[in-house]
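1. Structure for this input, please:
(2 chains)
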Amino acid sequence: MKFDPSRNCPFNSHLTPFGDVVLSSRARLARNLEGFPFVNRSTDSDCKEVTSLVHRICDDPNSPTSLEWVDVDELDNITNGLFVERHLTSAHLAHANHPRAIAIGPELARSVMVNEEDHIRIQSLRPGLQIKDVLDDVLELDESIERIVAYAFDEVLGYLTACPTNVGTGARFSVMLHLPGLRLIKDLQRVRHACEAMGIAIRGYRGEGSEVVADLYQVSNQVTLGYTEEQLSKILAEDFLPPVIEWERKARMTIVDTNPRLLDDQTYRSLGLLQNARILQLEEAMQCLGNIRLGICMDRVKSIEINTINQLLIEIHPAHLRWRFGENINDEELPQYRSQLIREKLTA
Amino acid sequence: MTTCDLCEQPAIYHDVRIVNGVHSTVHLCHEHAIEAGINLGPVDVSVVLEIPQFVEEMSSTNECPDCGMTIAQYKKSALLGCPTCYEAFREQLAHIIAKVQSNHSQHVGRAPSQISPQADRHLKVRRLLKQLESAVIQEKYEHAASLRDQLRELHDAGEENEI
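-> Next up, the predicted model:
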């Protein structure tokens, strides 16, 4: 597959609603096929049978989108890495050994992972706060897939999944939030309390168990049973996010009003570092990009587009650097190519 | 003082279990406890009361009829083996699901629409093949022949539909 990762970046939030705080929205549905063991107990032969059954969605004339079928074992390492860094697929799927596949939509927002933890994981990822749209995307694909396979379903428990944390709707909605203001005024605890009260999980950039990088947080619904898919999406989009976005915006204004020097120092220190460094580790570069992003949102930096920063947050990852500068770059050389790309983009 | 079940030495390890109303105890001295591979911990006296856990362990030996998974294996991997596991371990899973799903127990979201004839046929073929395999293993040849005929019918019907 010829994949161009510079197209339709999922963090292109500059023109989307609440794009100053919300980088991206994602919906995911977990599904399994009746009559088959779950993936963790499947033989290679079972996995192959599942992939060949699901493959038919690519030939379905009634499908809402044309999907391109990708056999993961036939992917080169760089493309496999690009898919993970673009959040089109999971690291688990990329590095597993059993037969597995991905079906990808032409706009690079929708994808169907086959033989991940569940037989089918349907997902859609769009920039900014677009939870209703990503829900519609995955439901459309779901309807298309259920016409060609029989899902494992129980009247009481709903869609049956390998892990009971996904049972019921199998639906997980998540958004990537940028919360530097709340970190600066030391009020992140307020978000954590809201998460606890509303059954929302809060994690770092790379999901479960990951560290917080660049003040980026992934928040998602914890419960998947007992609510409809629409109700779950609304808990996140209409109950949880509006106050959190408001708190973050107010926090940013508070810093401008009470301590603009701190904001300017953080912004220009980061900008100076990125414009001059010749070796940049990923975490350091991401934190600086996050700081500059805040400076742009608060009109402290006017010469750099916010989307340049949004895109760099993804483009400075290893597979993206190798795609741009050459597949033979070794791990030790990555920091220097990372600094080169950032300098080029920030001075363009 | 209670003595060891295996010798006359004083017992320092006491294991009391009640399973299905039947009470059983094991008393071991220091030497026999170590021999039995029991970790006595920092203090050389250990009392084990495993009433509910042991009941669970007993039931954990039950296998899912479809995939052979046990509840103990599930607890290790946190992943179930197949859709039938939800039925096979319904009781044990009820409290796990209640815990991870904030006490919700009833699905209220979408449900699959009517299964397509093609998917339905595929599912029936898989079920029949599984039953056929089991019938042959159990040497129930008459039943196996009937299953084979049903498979042929499904196969023919499928070919007709494809035409």
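2. quick one: contacts for the nearest residue in space to A:Arg190 that is not next to it in sequence?
-> Distances taken as C-beta to C-beta, 6 or more residues apart in numbering or on different chains place A:Trp247 nearest to A:Arg190, at 6.2 Å, with adjacent residues excluded. In short, each C-beta sits where N, CA and C put it, glycine included. With contacts defined as C-beta atoms under 8 Å, 6 or more residues apart in numbering or on different chains, A:Trp247 is in contact with A:182, A:187, A:190-191.
3. need the next SSE after the lowest-mean-pLDDT helix or strand in chain B, C-terminal direction.
-> The weakest-scoring helix or strand in chain B, judged by mean pLDDT, DSSP states H and E, is helix B:51-60 (a mean of 43). Once helix B:51-60 ends, the next helix or strand along the chain (criterion: DSSP states H and E) is helix B:71-77.
4. In CSV, please show the C-alpha coordinates belonging to whichever helix or strand comes after that following helix.
-> As assigned by DSSP H and E, the chain's next helix or strand after helix B:71-77 is helix B:85-88. Extracted C-alpha coordinates of helix B:85-88, given in CSV (Å, rounded to 0.1, in the frame of the first residue of the first chain):
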residue,chain,number,x,y,z
CYS,B,85,-17.4,-18.3,28.1
TYR,B,86,-20.0,-15.7,29.1
GLU,B,87,-22.6,-18.4,29.5
ALA,B,88,-20.2,-21.0,31.0
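5. How many residues are close by residue 69?
-> You didn't pick a chain, so chain A it is. Residues lying near A:Trp69 (other C-beta atoms under 10 Å in any protein chain shown) number 18.
6. that's the other chain; I wanted chain B
-> Neighbour count of B:Met69, defined by other C-beta under 10 Å: 24.
7. now B:Thr84
-> Count around B:Thr84 with other C-beta under 10 Å applied: 19.
8. And the strands in the stretch 51-200 of chain A?
-> With DSSP state E, counting those that start in this stretch applied, the stretch 51-200 of chain A shows strands at A:68-71, A:101-104, A:110-114, A:120-127, A:153-154, A:158-159, A:171-178, A:200-203, listed in chain order.
9. can you tell which of those is closest to chain B?
-> strand A:158-159 (3.0 Å; C-beta to the nearest C-beta).
10. Now do that closest one: everything it contacts.
-> Contacts to strand A:158-159, defined as C-beta under 8 Å, 6+ apart, come from residues A:29-32, A:151-153, A:167-170, A:225, B:107, B:109, B:111.
11. Just the buried residues of those.
-> If you count burial by 16 or more other C-beta atoms under 10 Å in any protein chain shown, the buried members of those come out as A:29-32, A:151-153, A:167-170, A:225, B:107, B:109.
12. got a markdown table for the residues you listed, with distance to A:Asp136 and pLDDT too?
-> Converted to a markdown table, the buried ones among the contacts of strand A:158-159 look like this (distance: C-beta to C-beta, whole Å; pLDDT from 0 to 100):
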| residue | distance to A:Asp136 | pLDDT |
| --- | --- | --- |
| A:Leu29 | 12 | 98 |
| A:Ala30 | 18 | 98 |
| A:Arg31 | 17 | 98 |
| A:Asn32 | 23 | 98 |
| A:Tyr151 | 19 | 95 |
| A:Ala152 | 24 | 96 |
| A:Phe153 | 21 | 96 |
| A:Val167 | 23 | 98 |
| A:Gly168 | 20 | 98 |
| A:Thr169 | 15 | 98 |
| A:Gly170 | 16 | 98 |
| A:Leu225 | 22 | 97 |
| B:His107 | 21 | 96 |
| B:Gly109 | 15 | 94 |
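13. would TSV of the residues you listed with distance to B:Ala94 be doable?
-> As requested, the buried ones among the contacts of strand A:158-159 are exported to TSV (distance: C-beta to C-beta, whole Å):
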residue	distance to B:Ala94
A:Leu29	24
A:Ala30	20
A:Arg31	23
A:Asn32	20
A:Tyr151	22
A:Ala152	18
A:Phe153	18
A:Val167	12
A:Gly168	14
A:Thr169	19
A:Gly170	19
A:Leu225	12
B:His107	14
B:Gly109	19
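14. rewinding a little: which element, helix or strand, includes the residue nearest to A:Arg190?
-> Here A:Trp247 is assigned to helix A:241-258, by DSSP H and E.
15. That helix: what's the following helix or strand?
-> Using DSSP H and E, the helix or strand that follows helix A:241-258 towards the C-terminus is helix A:260-276.
16. And the contacts of that next one?
-> When contacts are defined by C-beta under 8 Å, 6+ apart, helix A:260-276 is touched by residues A:184, A:255-256, A:280, A:284-285, A:287-289, A:291-292, A:294-295, A:298, A:300-301, A:339, A:342-343, A:346-347.
17. ok now it, how far from the chain's centre?
-> Its chain's C-alpha centre lies 27 Å from the corresponding centre of helix A:260-276 when counted by C-alpha atoms, centre = their mean, to the nearest Å.
18. Many thanks, we can stop here.
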